[in-house]
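# Coordinates only, no sequence provided:
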Ligand code: SF4
Ligand code: FES
């Protein structure tokens, strides 16, 4: 069954008034445009509601709204919409694709914008370029492993349960960028600290620990992200509940790396 067919089977009675950011390309001037949308069901996800609108636009011969999405189940981190002034909209610990229309009322006006940050330039409409995150990750967010046949089985290395759990929590960051969008300084520290913590807490991450934190922080600064605003907005809006304590750990790791030799 195609997506249009799936949507038609779930049509509802809600009518909404959408105010959506439209921008033809990176250099074009953008503006908010108004779109009424009807036949929305409260069981639809926010992205399915946009699919309904796009179907309408295509039928009328108009350009559909560009927005990012992939898994539609809170895993990939692609969906990235600023809804009524909040990254991923109302609701906590969910991504835009997990936001359901039952959070809104019939007749509501909803504002939809892309992430706003200099380091995330708009590509088109609601799609931004989050390549900066990829470059930070490439700078140090990995473990180099000797694959010559002398590998130690990961399960043979004892790791305290608390460390394993905290590393796992950090690893749940999906790289969505909501933390940057939520921050008044467009800081990427919550994202970078999650990627640093994920390895810093495990024995496998120790060999490159100092180089990793220095390279990732350096790349973060190069990309033009701001410094931590200390408001905690990033943690409040993070769909995966990444804790501010990772920022404290990253700062400690960075300080130790700066004052000690490799
Ligand atoms: S820390 Fe949270 S908000 Fe930031 S990129 Fe990771 S999952 Fe998204
Ligand atoms: S589309 Fe993958 S997290 Fe929303």
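Looks like it arrived, so ask away. Since the model is a prediction, treat every value here as computed from it, not as a measurement. Ligands and ions are numbered 1, 2, ... in the order given.

# residue boundaries of the helices in the stretch 151-262 of the chain?
161-171, 178-182, 189-200, 209-222, 233-237, 245-259 (DSSP state H, counting those that start in this stretch).

# any idea of the pLDDT on residue 41?
Here, the pLDDT recorded for residue 41 equals 96.

# tell me the contacts of it?
The contact partners of residue 41, taken as Cβ atoms under 8 Å, 6 or more residues apart in numbering, are 10-14, 101. Where you see a C-beta, it was placed from the backbone N, CA and C, and this is true even at glycine.

# Also residue 227?
Residue 227 is in contact with 185, 187, 189, counting by Cβ under 8 Å, 6+ apart.

# Please repeat the previous calculation with a cut-off of 6 Å.
Contacts here follow Cβ atoms under 6 Å, 6 or more residues apart in numbering; on that basis residue 227 touches 185, 187.

# For the remainder of this discussion, apply numbering that starts at 457.
Sure thing, new numbering starts at 457, so read that last one as residue 683.

# Quick one: which of the contacts of residue 497 is the most crowded by neighbours?
residue 557 (22 neighbours; other Cβ atoms under 10 Å).

# what sits against that one?
So residue 557 contacts 496, 498, 500, 505 (Cβ under 6 Å, 6+ apart).

# now swap in residue 565 and tell me
Residues near residue 565 by Cβ under 6 Å, 6+ apart: residue 473.

# Which strand residues bridge it?
For residue 565, the beta-bridge partners are residue 473 (DSSP bridges).

# and if you look at residue 478?
Beta-bridge partners recorded for residue 478 (DSSP bridges): residue 487.

# nearest to ligand 1, of the contacts of residue 497?
Closest to ligand 1 out of those is residue 557 (22.5 Å), distances taken as Cβ to the nearest ligand atom.

# wouldn't residue 532 be in contact with residue 526 here?
Yes - between residue 532 and residue 526 a contact is recorded at 4.3 Å, counting by Cβ atoms under 6 Å.

# okay, those two: which has more neighbours?
Set residue 532 next to residue 526 and count neighbours by other Cβ under 10 Å: residue 532 wins out with 16 against 11.

# residue contacts, that one?
Applying Cβ under 6 Å, 6+ apart, the residues near residue 532 are residue 526.

# can you check residue 474 too?
Residue 474 sits next to 491, 493, 566 when contact means Cβ under 6 Å, 6+ apart.
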